[in-house]
Structure formats: C-alpha cells, structure tokens
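Q: return atomic coordinates for the entry below.
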Amino acid sequence: MPSTAASVAFGSRSLTAVDLNLAGWVKKITGMPTITVGSVSLDQDFISQPAEGDGASSEPASIDRLLEMLDRGDFDLVAVGRALIANPDWPKVVRSGETSGLNAFSKELLATLD
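A: Numbers count the residues shown, from 1 in each chain. Just a heads-up that it's a prediction; the model follows:
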C-alpha cells in the first residue's frame with residue numbers, strides 16, 4: 001500500500017476490495033465533499049511503481065469507471081491534470097463523447113507551459 005494519501009491515484013483500490021478509492025472512502029467515513037485526482041483518463045500513474053514504467057508518458061484511457069463512481073456519489077468533483085496539458089479542450093472533448101481523438105501525455109509537454 002502507498003505510504004501517503006497523495007500517492008493513492010484515482011483508480012487505486014488498494015485500501016480494500018470494496019470499489020472505492022481514497023476520495024470515496026473519505027466521503028463515506030466523514031460525509032464531507034471530496035475530490036478525486038490522479039491519472040484521470042490516462043493509462044499510467046504519474047508516479048509509477050518500477051515495474052509499471054516511469055510515468056513520463058501516458059496514453060488516453062477510458063473514463064467509464066470514473067463516471068460510474070461519480071454517478072453513484074463516491075466523490076463530488078474530479079481534478080484533471082496531465083490530460084489537460086495534452087488536451088486543453090479535454091472537458092469539451094469528453095462532454096462530446098469523442099474521446100478517441102484525445103492526445104497522449106508526455107513529459108516533454110511540460111516544457112511548453114509558460
């Protein structure tokens with residue numbers, strides 16, 4: 001299990017076999033609004049385990065599970081980071097359902113930010 005809450009990414013289910021991530025558990029236990037974050041719509045965590053790659057690049061991935069969890073109220077908001085760097089129009093594209101055109105993230109994109 002990761003050593004800090006910040007390292008538990010959106011898709012992580014390391015806390016138990018129940019289909020909740022960290023934001024889901026915090027909301028369930030406290031009743032407070034929560035925000036999920038971490039590799040939203042990307043296939044690789046930013047900070048990966050050694051066997052999983054270096055997190056330097058990630059391909060677009062399905063958000064179906066994210067939407068299911070959001071619909072059932074596991075968390076209240078979703079924070080999107082790297083996917084927005086690669087796709088500044090990410091909200092518009094996702095809303096339209098045309099996610100097949102999303103660009104992959106690579107760490108080289110960070111150099112383009114001013």
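Q: identify the bridge partners of Ser106.
A: In this structure, Ser106 bridges to Ser57 when assessed by DSSP bridges.
Q: where does it land on pLDDT?
A: If you check Ser106, the pLDDT there is 86.
Q: Pro88 in helix, strand or coil?
A: coil (DSSP: H, G, I helix; E, B strand; the rest coil).
Q: that one: how many residues sit nearby?
A: Residues contacting Pro88 under the criterion other C-beta atoms under 10 Å number 11. C-beta: built from backbone N, CA, C; applies to glycine.
Q: quick one: contacts for Asp71?
A: With contact set as C-beta atoms under 8 Å, 6 or more residues apart in numbering, Asp71 has no partners.
Q: quick check: phi and psi at it.
A: Per-residue torsions, Asp71: phi -60, psi -40 (degrees, to the nearest 10).
Q: quick one: it from Gly101, how far?
A: Using C-beta to C-beta, to the nearest Å, Asp71 is found at 24 Å from Gly101.
Q: what is the end-to-end distance of stretch 31-41?
A: Using C-alpha to C-alpha, to the nearest Å, the end-to-end distance of stretch 31-41 comes to 26 Å.
Q: now do that stretch: everything it contacts.
A: So stretch 31-41 is contacted by 8-12, 21-24, 26-27, 45-46, 58, 60-63, 66, 69, 74-83, 90, 94, 99, 102 (C-beta under 8 Å, 6+ apart).
Q: now stretch 85-99
A: By C-beta under 8 Å, 6+ apart, the residues outside stretch 85-99 that reach it are 41, 60, 62-63, 80, 83-84, 101-106, 109-110, 113.
Q: list the buried ones in stretch 92-106?
A: Residues of stretch 92-106 classed as buried: 93-94, 102, 105 (neighbour count, 16 or more other C-beta atoms under 10 Å).
Q: per-residue pLDDT, the most centrally placed residue in the chain?
A: Nearest residue to the geometric centre of the chain (C-alpha atoms, centre = their mean): Val40, 2.3 Å. Listed pLDDT for Val40 reads 84.
Q: and the residue nearest to it when sequence neighbours are not counted, how close does it get to Val18?
A: Leaving aside its sequence neighbours, Val40 sits nearest to Val80 (C-beta to C-beta, 6 or more residues apart in numbering; 4.8 Å). Distance of Val80 to Val18, given as C-beta to C-beta: 24 Å.
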